[in-house]
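Asker: Please work out how this folds:
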Amino acid sequence: MRPSGRELNQMRSVSIETGFTKHAEGSALIKMGDTHVLCTATIEDRVPPFIKGSGLGWVTAEYGMLPRATNTRMRREAAAGKQGGRTVEIQRLIGRSLRAGVDRVALGERQITVDCDVLQADGGTRCASITGGWVALRLAVNKLMKTGDVVTDPLVSPVAAISCGIYAGQPVLDLDYPEDSEAGVDGNFIMTGDKQLIEVQMSAEGATFSRDQMNALMDLADKGVTELAEMQLSVSA
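Answerer: Down below sits the predicted model:
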């Protein structure tokens, strides 16, 4: 039995509220169980120097956690004067995951920055950030297309992410914190809506895992991403 009482292949309750903030070109508050992440997308008529003049667009991301997103207060990284290694790794993951679903030629020479701020954490914050971040990106692109600044839709497929792991010897979908902290194996699966893999992060903690177990986790990830992609499309149409 999972601590939450969920079935092995059952995700936490998921909701996505769009238009959550007033000023951003795209915004979405995603809730996956008790993990809540605010995602906003900002359009800028500039690109990084290394692609300036190429005609290509760019999508990047930033990630952060509020001090009381967790059980105990974390010091703000701004107060420390630098970002932690985990933060840098996660925001790079979010950026390259979202870019995988973008036709950068169609986007044109502009940049969209997706900010992901964790309001409350209970496992799977990077996955929620990617999934909610795509919705914010979709809404921002919708505005570009409505004004005619972009003619061809640059978003070729939804991009979503889900965690899976081996908990108490069983493959489970969408780990919450109690499971994540005790899982013998855990992984993050980032995929397009048509189930093409973008990135898989898997590791064992004090144990090994078999090819069959990995395949079982992949099957769970397929199920989870399919459900998330359907929700992404329904709320951002």
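Asker: Point me to the residue sitting farthest from the middle of this structure.
Answerer: Distance to the chain centre peaks in the chain at Gly53, reaching 29.4 Å (criterion: Cα atoms, centre = their mean).
Asker: Now the nearest residue to that one once chain neighbours are set aside: which helix or strand?
Answerer: Leaving aside its sequence neighbours, Gly53 sits nearest to Glu109 (Cβ to Cβ, 6 or more residues apart in numbering; 7.8 Å). Heads up, the C-betas are built off the backbone N, CA and C, glycines and all. Applying DSSP states H and E as the criterion places Glu109 outside every helix and strand.
Asker: Would you confirm that Glu109 contacts Gly57?
Answerer: Yes. Glu109 lies in contact with Gly57 (Cβ atoms under 8 Å); the separation is 6.2 Å.
Asker: so how far is stretch 209-220 off the chain centroid?
Answerer: 22 Å (Cα atoms, centre = their mean, to the nearest Å).
Asker: on contacts alone, who are the packing partners of the lengthiest helix in the chain?
Answerer: Secondary structure of the chain per DSSP state H: the longest helix is helix 211-236. In terms of contacts (3 or more Cβ pairs under 8 Å, 6 or more residues apart in numbering; DSSP states H and E), helix 211-236 is packed against strand 14-18, helix 125-147, strand 159-167, strand 170-173, strand 185-192.
Asker: so which of those is the most packed in?
Answerer: Among those, strand 159-167 has the highest mean neighbour count (mean count of other Cβ atoms under 10 Å), at a mean of 28.
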